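A.B. asks: Just to be clear, the model below is a prediction. Sequence and coordinates:
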Amino acid sequence: MDIQMFFNTLDRLFSEKRPQEAEAFMRERLSQAEKESDAGAVVTICNELGGYYRAVSRYEEGVPLYQRALQIIADLHQEGTPAHGTTLINYATTCTMKRDFEKALQLYEEAAAIFSGPDYGPDFNLATLYNNMSFVCQDMGDFSRAEDYLLKALGILRQLTESDIEIATTYTNLANLYMAMGKVSEARDLLEKAIDIYLRETGGKDVHYAASVSALGDLCYLEGDYASASQQFEQALTLVERDYGTDNDSYRTIEKNLSLSRQQLEKKAHGESDKNE
């Protein structure tokens with residue numbers, strides 16, 4: 001199978017905002033790769049399709065894809081390869097979203113043993129690993145360790161070329177952590193930098209842009225600026241719908257936050273009216 005052609009078609013479908021067709025395309029190509037016994041293509045497509053299922057909150061459908069990819073890697077004696085480490089990270093990320101933290105940490109540790117080894121230098125995979133390990137630590141309430149991992153990720157990304165988008169994503173992750181730690185001014189600075197990168201590099205078309213906008217809405221809400229929070233959440237909803245539709249956890253969470261912001265605005269308006277009376 002021509003993997004480059006596969007990615008070209010997949011990129012086109014996503015850029016044209018046709019996610020359902022992209023899913024059907026990946027499933028059809030996976031079936032084809034399995035019939036042709038193209039093990040490398042099967043591993044690649046399992047990872048891509050698993051990532052799609054994670055993005056649209058269909059986590060359970062992604063798990064057997066990652067398990068299939070890892071079994072193929074083991075059968076081919078390709079443990080310790082970049083494909084092995086990347087699959088472990090992708091699988092662990094899905095486990096994190098499922099809140100299966102113990103499994104996620106186990107997979108991350110296996111990936112860390114690969115990418116921090118002497119055969120590998122600092123790269124995107126290691127930065128991704130540190131980002132995702134930070135998520136698990138944050139969910140478990142270990143904010144200090146979570147911050148350490150994100151700062152390690154940033155240190156790696158700043159050594160790499162063409163890493164601006166990944167840096168913006170990590171800024172957003174660190175900003176969310178700082179909000180949880182009460183470091184609001186530091187969070188705002190990071191979100192402003194992230195948004196500037198997304199607008200400068202992609203005109204706001206990158207699928208991670210919505211997360212930064214939504215995070216800025218969270219920050220405005222914390223500051224009591226409910227009007228600005230509502231505006232940010234409205235924009236984030238539009239972006240998530242553009243990229244993934246409305247049937248996913250991200251859309252539902254932002255929709256809930258928008259509702260809360262509007263409720264606070266109404267309370268504030270009524271309070272001011274009562275005082276004027």
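C.D. replies: All right, it came through fine. Numbers count the residues shown, from 1 in each chain.
A.B. asks: Just give me the longest helix of the chain.
C.D. replies: Scanning the chain for the helix with the most residues, using DSSP state H, yields helix 249-276.
A.B. asks: list the helices and strands that helix packs on?
C.D. replies: Under the contact definition 3 or more CB pairs under 8 Å, 6 or more residues apart in numbering; DSSP states H and E, helix 249-276 sits against helix 209-222, helix 226-244. Glycine gets a C-beta too; all of them are placed from N, C-alpha and C.
A.B. asks: quick one: contacts of the last one?
C.D. replies: Outside helix 226-244, the residues that touch it by CB atoms under 8 Å, 6 or more residues apart in numbering are 17, 19, 55-56, 204, 207, 209-211, 213-214, 216-218, 220-221, 246, 248, 250-251, 254-255, 257-258, 261-262, 264-265, 268.
A.B. asks: next one: the shortest one
C.D. replies: By CB under 8 Å, 6+ apart, the residues outside helix 209-222 that reach it are 168-169, 171-172, 175-176, 179, 184, 187-188, 191, 194-195, 198, 202, 226, 228-233, 235-236, 239-240, 243, 250, 254, 257-258, 260-261, 264.
A.B. asks: That helix - what's its average pLDDT?
C.D. replies: The average pLDDT within helix 209-222 is 98.
A.B. asks: List the buried residues for stretch 127-141?
C.D. replies: Neighbour-count burial for stretch 127-141 flags 127-138 (criterion: 16 or more other CB atoms under 10 Å).
A.B. asks: I'd like these laid out as CSV, including secondary structure and pLDDT.
C.D. replies: Listed next are these as CSV, based on DSSP: H, G, I helix; E, B strand; the rest coil; pLDDT from 0 to 100:
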residue, secondary structure, pLDDT
Ala127, helix, 91
Thr128, helix, 86
Leu129, helix, 88
Tyr130, helix, 91
Asn131, helix, 90
Asn132, helix, 84
Met133, helix, 92
Ser134, helix, 93
Phe135, helix, 87
Val136, helix, 92
Cys137, helix, 92
Gln138, helix, 91
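A.B. asks: and which of these is nearest Gln32?
C.D. replies: Nearest to Gln32, judged by CB to CB, of those is Thr128 at 28.4 Å.
A.B. asks: ok now do that closest one, which residues does it touch?
C.D. replies: Contacts of Thr128 (CB under 8 Å, 6+ apart): 89, 153, 166.
A.B. asks: before we move on, the earlier item: could you give the angle of the longest helix of the chain to helix 209-222?
C.D. replies: 30 degrees (axes from the mean of the first three to the mean of the last three CA atoms, to 10 degrees).
A.B. asks: So which residue is dead centre in this structure?
C.D. replies: Nearest to the mean C-alpha position of the chain, counting by CA atoms, centre = their mean, stands His208 at 7.0 Å.
A.B. asks: And it, how far from Gly224?
C.D. replies: Distance of His208 to Gly224, given as CB to CB, to the nearest Å: 27 Å.
A.B. asks: same deal with Gln78?
C.D. replies: Applying CB to CB, the value for Gln78 to Gly224 is 53 Å.
A.B. asks: higher neighbour count, these two?
C.D. replies: Taking other CB atoms under 10 Å, Gln78 and Gly224 do not tie; Gln78 has more neighbours (15 against 10).
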